[in-house]
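Colleague: next comes the sequence, and after it the predicted model I'd like to discuss.
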Amino acid sequence: MIKFFRKIRQKLLSDNKFSKYLVYAIGEIVLVVIGILIALQINNWNEANKNREKEALLLTEMKSNLNEDRKDLEYNIHNNQLRIEYNEVIKTVIEEKIPYSDTLKPYFGNIFGNFQLSENTSTWENLKSVGLDLISNDSLRYSISNLYSNKYEYLENLEKGLDDRYQWEYFYPQILKHINIEEFWVSGVPRNYENWIQDEEFYEVIKLNLTWRYYMQNQYELNHRLVLSLEKQIDRHLKSLNK
């Protein structure tokens, strides 16, 4: 096509038909510009396809991470709920001055302990390194950032900075003072039942422990809902990418 215009240009110049030559010269320039624009568009389209493939791969990996996190949270929810129930029983025993029996052994053995989420953040770290803009859906991008940057970090600070500290610095010393743990999370027996049941400090510590357990339960359940919701968002977005 360009060769054709060049031949016409040579003929028009030889015939001194400058105005017509100018029209064809402009047409030649327009043709070149259109070719460049088409080439750029094809390049942009190829780049966009590569980004979408990378996005789909990353989100598939993140969904796998979230699936493991969800299982971990479900474990924490179940066992933290049991810890609440055991603490409530012992609290009731103290309040109502219930006489000792061996049926209380499992409750004494299960009042101590907390839990921690081992979140899988490898894909999140990878996403941060390549740039959050890789996620083409604004709502999904916000949900991912909110879970990993806000909710997970807050939960980790609670678990390691406050709950864990309370368990070992305040609650565990009371356990050592009053209870013989025959086997952790299986069985325990008060060293002196009559002294233990009258101990106000132990009663206050177990009440505060229950406050922590209920609060942590709320946090685990909240994060579980967020993980489930994010998994569904990722599923929907992956389907849209595959269309």
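Modeller: Perfect, I can see it now. None of these values were measured; they are calculated from a predicted model.

Colleague: from here on, just use CA atoms for contacts and neighbour counts.
Modeller: Fine.

Colleague: low-scoring pLDDT stretches of the chain, where are they?
Modeller: Across the chain, residues meeting the criterion (pLDDT under 70) sit at 1-49, 51.

Colleague: those strands in it, which residues are they?
Modeller: Applying DSSP state E to the chain gives strands spanning 179-183, 187-190.

Colleague: let's have those strands in a markdown table, adding distance to residue 228 and mean neighbour count.
Modeller: Output for the strands of the chain, formatted as a markdown table (distance: least, C-alpha to C-alpha, whole Å; neighbours: other C-alpha atoms under 10 Å):
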| stretch | distance to residue 228 | mean neighbour count |
| --- | --- | --- |
| strand 179-183 | 35 | 16 |
| strand 187-190 | 35 | 20 |
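
Colleague: of all those, which lies closest to residue 148?
Modeller: Comparing the strands of the chain against residue 148 with C-alpha to C-alpha, the closest turns out to be strand 179-183 (36.3 Å).

Colleague: before we move on, the earlier item: wait, which of the strands of the chain is closest to residue 62?
Modeller: Each of the strands of the chain was scored for nearness to residue 62 using C-alpha to C-alpha, and the closest is strand 179-183 (38.5 Å).

Colleague: what's that closest one in contact with?
Modeller: With C-alpha atoms under 8 Å, 6 or more residues apart in numbering as the contact definition, strand 179-183 has outside contacts at 108, 109, 187, 188, 189, 190, 191.

Colleague: leaving out the residues flanking it, which one is nearest to residue 63?
Modeller: On the basis of C-alpha to C-alpha, 6 or more residues apart in numbering, the spatially nearest residue to residue 63 that is not a chain neighbour turns out to be residue 231, at 6.0 Å.

Colleague: so that neighbour makes contact with residue 65?
Modeller: No - at 9.9 Å, residue 231 does not count as touching residue 65 under the criterion of C-alpha atoms under 8 Å.

Colleague: quick one on the thing from earlier: tell me which of the strands of the chain sits nearest to residue 57.
Modeller: With C-alpha to C-alpha, the closest approach to residue 57 among those belongs to strand 179-183: 46.1 Å.

Colleague: gap between residue 217 and residue 89?
Modeller: With distances defined as C-alpha to C-alpha, to the nearest Å, the gap from residue 217 to residue 89 amounts to 18 Å.

Colleague: and for residue 134?
Modeller: Distance of residue 134 to residue 89, computed by C-alpha to C-alpha: 51 Å.

Colleague: same question, residue 184
Modeller: 17 Å.

Colleague: just to revisit the earlier point, using JSON lines, lay out the strands of the chain together with distance to residue 54.
Modeller: Written out in JSON lines, the entries for the strands of the chain read as follows (distance: least, C-alpha to C-alpha, whole Å):
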{"stretch": "strand 179-183", "distance to residue 54": "50"}
{"stretch": "strand 187-190", "distance to residue 54": "52"}
